[in-house]
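Visitor: Pasting the sequence and the predicted model now:
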Amino acid sequence: MSSFPLLTIIIFLPLVGAAALFFVKEQQARWVALGVTLADFALSLPLWFWFDSTTAQMQFTERASWITSPAINYALGLDGISLPMVLLTTFLTPFCVGISWRAIESRVPLFMASLLIMETAMLGVFAALDFVLFYVFWEAMLIPMYLLIGVWGGPNRVYAAVKFFLYTLVGSVLLLAAIIVLFFKGGHTFDILLLGKGEFTPALQSWLFWAFFAAFAVKVPMFPFHTWLPDAHVEAPTAGSVILASVLLKMGAYGFLRFTLPMLPDATVAFTPIIIALSVIAILYGAYMALAQADLKKLIAYSSVSHMGFVTLGIFALNTQGIEGAILQMVNHGITTGALFLCVGIIYERTHSRLISDNCGLTGPMPRYATFLVVFSLSSIGLPGTNSFVGEFLVLAGTFFWSKPVAALASLGIILAAAYMLWMVQRVAFGQRSEQAGHGTIRLPDLNLREMALLAPLLVLVFWIGLVPNQVLTPMHASVANLLDQLDQQEAAFARTPRATPDAVASITDHVSPVTHQP
Amino acid sequence: MEYALIPLLPFAAFLILGLFGHWIKDRAHFVAVPAVVTSFLLSMLAFLDVAGGRQTTMPLYTWLQSGDVTIALGLSIDRLTAVMLLLVTTVSSLVHVYTIGYMQGEKGYARFFAYIALFTFSMLMLVMADNFLQLFVFWEAVGLCSYLLIGHWYERQSACNAATKAFVVNRVGDFGFLLGLLLVLDSFGTLDYHQVFAQASAYTSDTVNLLRPFGGEWRVSTLTLICLLLFVGAIGKSAQVPLHVWLPDAMEGPTPISALIHAATMVTAGVFMVARLSPLYNLSPVAMNVVAVVGGLTMVLGATIALTQYDIKRVVAYSTVSQLGYMVMACGLGAYTAGMYHLLTHGAFKALLFLGCGSVIIALHHEQDMRHMGGLKDKLPITYWTFVIGSLALAGFPLTSGFFSKDDILVSAWSAGALGKTLAVAGLLTAGLTAFYSFRLVFVTFWGPSHVDPHHAGHVHEPSKTMTVPLIILAVLAVLAGYLGIPQFLAPALPGPEGTGGHHEGGAAAGIMIVATLLGLSGIAAAYVMYVKLPGLAESLANQWQGAYRLSFNKWFVDEAYDRAFVKPTFHLADRLWQRVDVGIIDAAVNGTARGVAWFGWILRLIQSGQTQHYALGMILGAVLILTVYLLT
């Protein structure tokens, strides 16, 4: 298995497909893209089954020298943190092709090629074990995404595309600077695993922490670096929105997990309160923003800010439950928000409007559509039995072990989520279709077979993860335990330790308190 | 293991109807009814098993494992669960049958059956849960079913509003529940009932510092905090003050679900929870007192509002709020058995009353305003007589089931200290109000001259057998439930806090029984005088006591207050935050930066003029500047 370059094939197959697209006819481009993405997903499935959950070691590793001086390697590998992300990516890309089947009519081969290049770059980011390689993939994502928004986007697409590009580029520059500093201070290596074992002075860690933060917080996006997201979502074509929400936003959280936590443990602990505060603000602020939106895509975009707040909250709770919950929530958000954007895309194809007021009372004409929309919305608000409940529950549990008032504040987000989501559902799915404003003239056929095929698998996943989350959590255990071990003694106190007696609880409880207030 | 079928059969019915409902259509009851009736029969077996001393536990699977948090799901049937199983499956079966007639010809017929089957499944799983997480999961699941069913007639704006309101208000409660559950997990390291209960007594002096990790010290008893947080969930689900506002609006749903969900089963989940967790509540006197007071307030408030409402279903809904208050109050005073007893009898007679309302509403072509009824007793004799039986039970008329269970609560309350005595007096007075409003409903609806819309008046007739038979069965149960020995069956499973319960003073008990009966009878008499003998009296009294009347009629203005205090400010804040902060500050800063860079670039471009003399001037100015700095320092 180790000799067979499975990861390389999975990563570069879409790129090959993109190249092939320039040689096929416009009509066949869709089928080629679909075939390539499905094949890529099929190839990535063995990763799931062959993955050894008992070890935190990198698996499916590949290593080749790329540039000898300085030593930059082509190094790939997966652990329990990146495996779910890779599968999420290969799983969701075919949906992006599928939803663009009719929606994209101009320059189809170019569009599909952009999607496929995007897939290669995203997979590379998650699988790279060399910092330079990582950075190459990281930057490579910007271009196809820029094109997806800037060429096939809505009326204000250029503004949104440039805003997206510049926002992320500012962060990336600082990331690059941090990588170079790490190279020189970390023993002249770009090896991510080696750098994770390196020890840097607290002062240096602080600088690097904020440099990393700039790159990752923009991608997540964390408050107050989120304003590119609503614009990018609104202007992007549906496939772009799905990729953006489902995979691209995970890059930031993944960066925190892969780089910030292992490489900068002291800074991580020192700045935890700030990140937690920003996360809680994001949860509540995003929810409030969502409440004020009249545009479906903006509503879901702001709900993403809120949901990703849960992810960063879980990561920086720095315990098993928080981090596993965060990773699971990354997957969940990919599935559920991706599905919601698909739903918006489907209705946009019919009414050519994303405004809630233009899409009222759809249950009557489109009962199947309404059913899917309601289920995905319920998943989005974390209803038990669906995927998001598990993630939110673990994140809140992890946060609760860290601080009860913070967990209580974050939980307010689930009330607000119910408010904005159900209010949207009430208006879009229920109620009566008004005949004014030309609604009567728009034909509203229910979901066709293609659209059913796009939504049904996501629906299955929503319940599968909700009912048997252990299957998704098990591969994470060893890697997350390893990650927490890498944080030194000071952080280890944050991790939840088994307690035997109430006294032990009390002593742990008091010990954990970072603010040195003791009676 | 066959008892796992009790919840699974309705679930199977839901799946079949959910997936193939568009094909099954108006034959949906052939799927749902047999499933639920079989569940009922199995519940009988389970009940007999438990009565024979055999408790069933069925581990299902490990749902989640993360770090040292392991959550396994499982089912268990003990005495408390057994009676709840019987209640749920009985009422659910009857409501299923009743629905055949009530929803006949509706286009959402199959969908409706799918949802009530799903509800039945969820409710059964809720009462069979053997751990806090499962309780919470199905707590939310029944809330979802309630949401879907309230909004069944989705074209109606008012139904959609009510559905969303119900869900969001319940979410407020669930927010507390979730935190309580996390605190249990944090403190005990497990969510399993038995393990938590077994350890609970060791935690009585344990405290939580609420201000950790911000510095500062605010310690509260862990158990009290757990109980209070979990009770917030019960306040939401069981429509207690101050979260009672969703229940009356929930009457927008079709009447069968008002009977099943919003009277007999789901809304009693809060009472069930407190009883289920009685080993924890018993250890926290503070939490118990809060529970008792909240229950007492709800009891009084619900009854005062029910006095003046005109919508037939809303009268019964506010009566439900009030009766739930009785049950919660009883639990808070440690009289879990009495609370559960009333829960069961109430389940029978309140389901009966709602289904009776439904029968009237159907006969009058969906008319719900009592002012457009009257004189129906001869046209709807079965409905009328069963309704009277239900009303008698609700009013606590001697020898009906409601008489026994309410009496049990009041007597237990009287023997529970000063707070108990106060609440017992309030309970007695409320009993009088209860009798009054229930017979106001009977007299205005069924007696007197007819105010029915003349278009329909001619063909008002009794509904089909599928609707009348459940009424008759429930009427029998509403009487019989008092003689089944329910308190004796439950008592061993639900001991109150140490040093309470079981020692009623005989004299006081007899006194309370007599006073309650007299108050009940005078309530009925007052209703008779005001609405039959002297029809103008009610109006002139309302004019005379206008302040009180308006307070009651407008439901104490709670909805308006919440609208002002929470709903409007929330939307206002959201809008303001978006316009002022997100667009006005953050995005403006981003765009400003971009514009700044562009402006800077424009300035730089001016310098790059390409003309040699400009560069020369720059060089000279620079040289002068450097020289100046050099000379001055």
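Guide: Happy to help now that I have it. Numbering: from 1, shown residues only, chains lettered A, B, ... in the order given.

Visitor: Which phi and psi values does the residue in the stretch 101-250 of chain A that chain B sits nearest to adopt?
Guide: Going by CB to the nearest CB, chain B is nearest to A:T227 of the stretch 101-250 of chain A, at 4.5 Å. C-beta: built from backbone N, CA, C; applies to glycine. A:T227 adopts backbone torsions of phi -70, psi -10, taken as degrees, to the nearest 10.

Visitor: try A:D295
Guide: According to degrees, to the nearest 10, A:D295 has phi -100, psi 130.

Visitor: Tell me who's in contact with the closest residue to it other than its chain neighbours.
Guide: Nearest non-adjacent residue to A:D295, counting by CB to CB, 6 or more residues apart in numbering or on different chains: A:R354, 5.2 Å away. For A:R354, the contacting residues are A:234, A:295-297, A:344, A:348, by CB atoms under 8 Å, 6 or more residues apart in numbering or on different chains.

Visitor: Got phi/psi on A:R354?
Guide: The phi/psi pair for A:R354 (degrees, to the nearest 10) is phi -110, psi 0.

Visitor: so how far is chain B from it?
Guide: 17 Å (CB to the nearest CB, to the nearest Å).

Visitor: Excluding residues flanking it in the chain, which one is nearest the residue of chain B found nearest chain A?
Guide: Per CB to the nearest CB, B:G67 is where chain B lies closest to chain A, at 3.1 Å. Closest residue in space to B:G67, ignoring its immediate chain neighbours: A:T320 at 3.1 Å, by CB to CB, 6+ apart.

Visitor: Just confirm that neighbour contacts B:T70, I think it does.
Guide: No. Counting by CB atoms under 8 Å, A:T320 stays clear of B:T70, with 11.7 Å between them.

Visitor: Compare the two (neighbour count), which wins?
Guide: Counted by other CB atoms under 10 Å in any protein chain shown, A:T320 and B:T70 do not tie: A:T320 has more neighbours, with 24 against 15.

Visitor: what sits against that one?
Guide: A:398, A:480-481, A:484, A:495-496, B:66-69.

Visitor: What residues does the stretch 301-450 of chain A have near chain B?
Guide: A:319-321, A:324-325, A:361, A:363-364, A:378, A:383-385, A:389-390, A:393-394, A:396-397, A:400-405, A:407-408, A:411-412, A:414-415, A:418-419, A:422-423, A:426, A:429-432 (CB under 8 Å from any CB of the partner chain).

Visitor: out of those, which are inside strands?
Guide: Among these, no member is found in strands (DSSP state E).

Visitor: Which of the residues you listed are buried, as a PyMOL select command?
Guide: To isolate in PyMOL the members of these that are buried, counting by 16 or more other CB atoms under 10 Å in any protein chain shown, one can use:
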select buried, chain A and resi 319+320+321+324+325+361+363+364+378+383+384+385+389+390+393+394+396+397+400+401+402+403+404+407+408+411+414+415+418+419+422+423+426+429+430+431
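
Visitor: Can you report how many residues neighbour B:L631?
Guide: B:L631: 7 neighbours (other CB under 10 Å).

Visitor: Please report how far it lies from A:H233.
Guide: 59 Å (CB to CB, to the nearest Å).

Visitor: What of A:L249?
Guide: Distance from A:L249 to A:H233, by CB to CB: 10 Å.

Visitor: ok, which stretches of chain A are strands?
Guide: Under DSSP E, chain A gives strands at A:59-67, A:72-78.

Visitor: centroid residue for chain A?
Guide: Closest residue to the average C-alpha location of chain A: A:K250 at 2.6 Å, with CA atoms, centre = their mean.

Visitor: Now for that one: which residues touch it?
Guide: A:85, A:88, A:330, A:333-334 are the contacts of A:K250 under CB under 8 Å, 6+ apart.

Visitor: can you pick the most crowded of these?
Guide: A:M330 (29 neighbours).

Visitor: Can you name the residue of the stretch 301-450 of chain A nearest chain B?
Guide: For the stretch 301-450 of chain A, CB to the nearest CB, closest residue to chain B: A:T320, 3.1 Å.

Visitor: Tell me who's in contact with A:L422.
Guide: With CB under 8 Å, 6+ apart, A:L422 has these contacts: A:377, A:381, B:147, B:163-164, B:167-168.

Visitor: What is the nearest of the residues you listed to B:T265?
Guide: B:Y147 (15.3 Å; CB to CB).

Visitor: Determine the number of other residues adjacent to the closest one.
Guide: B:Y147 has 26 nearby residues by other CB under 10 Å.

Visitor: Any stretches of chain A with poor pLDDT?
Guide: A:1-3, A:434-441, A:488-519 (pLDDT under 70).

Visitor: Nearest residue to B:A264 in space, ignoring adjacent ones along the chain?
Guide: Looking at B:A264 with CB to CB, 6+ apart, the closest residue is B:G347, at 3.9 Å.

Visitor: Just confirm the one you found contacts B:M84, I think it does.
Guide: No. Counting by CB under 8 Å, B:G347 does not reach B:M84; the two are 9.4 Å apart.

Visitor: Tell me the residues of the stretch 151-300 of chain A that contact chain B?
Guide: So the stretch 151-300 of chain A meets chain B at A:163, A:166-167, A:224, A:226-228, A:285, A:288-289, A:291-293 (CB under 8 Å from any CB).

Visitor: tell me the two of those residues that are most distant?
Guide: Of all pairs in those, the most separated under CB to CB is A:L166 and A:L291 at 28.5 Å.

Visitor: So between the two, which is more surrounded?
Guide: A:L291 (24 against 15).

Visitor: Just the pLDDT for B:F489.
Guide: If you check B:F489, the pLDDT there is 89.

Visitor: Going by contacts, tell me the helices and strands next to the helix or strand hosting it.
Guide: Element membership for B:F489, per DSSP states H and E: helix B:486-490. Where contact means 3 or more CB pairs under 8 Å, 6 or more residues apart in numbering or on different chains; DSSP states H and E, helix B:486-490 is packed against helix B:79-102, helix B:336-363.

Visitor: any idea which of those helices is most buried?
Guide: Of all the helices and strands packed on helix B:486-490, helix B:336-363 carries the top mean neighbour count, a mean of 29, counting by mean count of other CB atoms under 10 Å in any protein chain shown.

Visitor: buried sites along the top helix by length along chain A?
Guide: In chain A, with assignment by DSSP state H, the single longest helix is helix A:320-351. Of the residues in helix A:320-351, A:320-348, A:350-351 count as buried by neighbour count, 16+ other CB under 10 Å.

Visitor: Same check on stretch A:209-225?
Guide: Going by 16+ other CB under 10 Å, stretch A:209-225 has these buried residues: A:209, A:211-225.

Visitor: which residues in chain B form strands?
Guide: B:56-66, B:69-77, B:207-209, B:219-221.

Visitor: Out of these, which gets the lowest mean score?
Guide: Among the strands of chain B, strand B:207-209 carries the lowest mean pLDDT (a mean of 83).

Visitor: near chain A at all, that strand?
Guide: Yes. Against chain A, strand B:207-209 shows contacts by CB under 8 Å from any CB at B:208-209.

Visitor: Mind listing residues that contact that strand?
Guide: Here strand B:207-209 has contacts from A:404, A:509, B:183, B:187, B:217-222, B:225, using CB under 8 Å, 6+ apart.

Visitor: re the thing from before, quick check, distance from the longest helix of chain A to the centre of its chain.
Guide: 8 Å (CA atoms, centre = their mean, to the nearest Å).

Visitor: That helix versus strand B:56-66: what angle between them?
Guide: If you take axes from the mean of the first three to the mean of the last three CA atoms, to 10 degrees, helix A:320-351 sits at 90 degrees to strand B:56-66.

Visitor: got the angle between helix A:320-351 and strand B:69-77?
Guide: 80 degrees.

Visitor: Name the residues of stretch B:387-403 that are buried.
Guide: B:387-397, B:400-403.

Visitor: cool, and stretch A:44-64?
Guide: Quick answer for stretch A:44-64 (16+ other CB under 10 Å): A:44, A:47, A:51, A:56, A:58-60, A:62.

Visitor: CA atoms only: put it into CSV for me.
Guide: What follows is stretch A:44-64, C-alpha atoms only, in CSV (Å, rounded to 0.1, in the frame of the first residue of the first chain):
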residue,chain,number,x,y,z
SER,A,44,-10.7,8.0,-2.0
LEU,A,45,-13.1,5.5,-0.5
PRO,A,46,-10.4,2.9,0.2
LEU,A,47,-8.7,5.6,2.3
TRP,A,48,-11.6,5.3,4.7
PHE,A,49,-11.6,1.5,4.8
TRP,A,50,-7.8,1.1,4.9
PHE,A,51,-7.3,3.8,7.5
ASP,A,52,-5.8,2.4,10.7
SER,A,53,-7.7,4.1,13.5
THR,A,54,-5.4,2.8,16.2
THR,A,55,-2.4,5.0,15.4
ALA,A,56,-1.7,8.7,15.2
GLN,A,57,1.0,8.1,12.6
MET,A,58,0.6,9.7,9.2
GLN,A,59,-0.8,7.1,6.8
PHE,A,60,-0.7,6.6,3.0
THR,A,61,2.5,8.6,3.2
GLU,A,62,4.5,9.5,0.1
ARG,A,63,7.8,11.4,0.1
ALA,A,64,10.0,12.6,-2.7
